[in-house]
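J.: Structure for the following, please:
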Amino acid sequence: MAQDRREQDQGEAPRRLYHRLVGAAHRARTRFDAESLERVGVTAAQAAALFALEGTPGQTQRQLAVTLRIREPSAAQMIARLEARGLVAREPAAHDARAWAVSLTPAGRQSLRRLRPHLARLNAWLTDGFSPRELAVVARFLDHVGRDPGE
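T.: Purely as a prediction, here's the structure:
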């Protein structure tokens, strides 16, 4: 029975791949958002911004938007919310007097420390039951899907 279902799923995979990908991404993001909001008080998108700023401190709003693959006005709104919560700070950018450099505050770094175990649990849930070889294929697929068409 399980074998029959797997064969049926494999036959449907090419036809329904987009639907399955979007549904799975939605469920994973919804789960992460609910748990991270409850435990840390940030959404998945806000967590991504905090991690991006940890990796490259002092990014401008424009740079952060590019890093996160979101529009600059969306980045501005997110930065404003994170700043209001004391998780990031803005200061004039050294290279451009019109721009602001965004950096983590001590509270932002503390939020990241609290997010790490949560992300480890989420990744364990996502990878449970898959071999390293299977996960390598999934990662390659996601990298392929995540590329801009012009790349």
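J.: Regarding this structure, what is its longest strand?
T.: Taking DSSP state E as the assignment, the strand of the chain that covers the most residues is strand 96-104.
J.: lowest average confidence, helix or strand, in the chain?
T.: Counting by mean pLDDT, DSSP states H and E, the weakest-scoring helix or strand in the chain turns out to be helix 2-39, with a mean of 77.
J.: Name the spans of this structure whose pLDDT lies under the cut-off.
T.: For the chain, applying pLDDT under 70 flags the ranges 1-14, 151.
J.: For E54, see how far away the most centrally placed residue in it is.
T.: Of all residues in the chain, the one closest to the mean position by CA atoms, centre = their mean is A48, 4.5 Å from it. Counting by CB to CB, to the nearest Å, the gap from A48 to E54 is 11 Å. Quick note: C-beta positions are derived from backbone N, CA and C, even for glycine.
J.: can you pull the buried residues of the helix or strand containing L50?
T.: L50 belongs to helix 44-55 when elements are defined using DSSP states H and E. With burial defined by 16 or more other CB atoms under 10 Å, the residues of helix 44-55 counted as buried are 44, 46-53.
J.: same question, stretch 54-70
T.: Going by 16+ other CB under 10 Å, stretch 54-70 has these buried residues: 59-61, 63-65, 67-68, 70.
J.: ok so, going back, now do the longest strand of the chain: everything it contacts.
T.: Residues lying outside strand 96-104 but in contact with it, judged by CB atoms under 8 Å, 6 or more residues apart in numbering, are 50, 53-54, 57-62, 64, 79, 87-94, 112.
J.: Which ones among those residues lie within strands?
T.: Checking the contacts of strand 96-104 against DSSP E, those in strands are 59-60, 88-93.
J.: Can I have the buried ones of these as a ChimeraX selection?
T.: Selection of the buried residues among these in ChimeraX, burial being defined by 16+ other CB under 10 Å:
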select :59,60,88,89,90,93
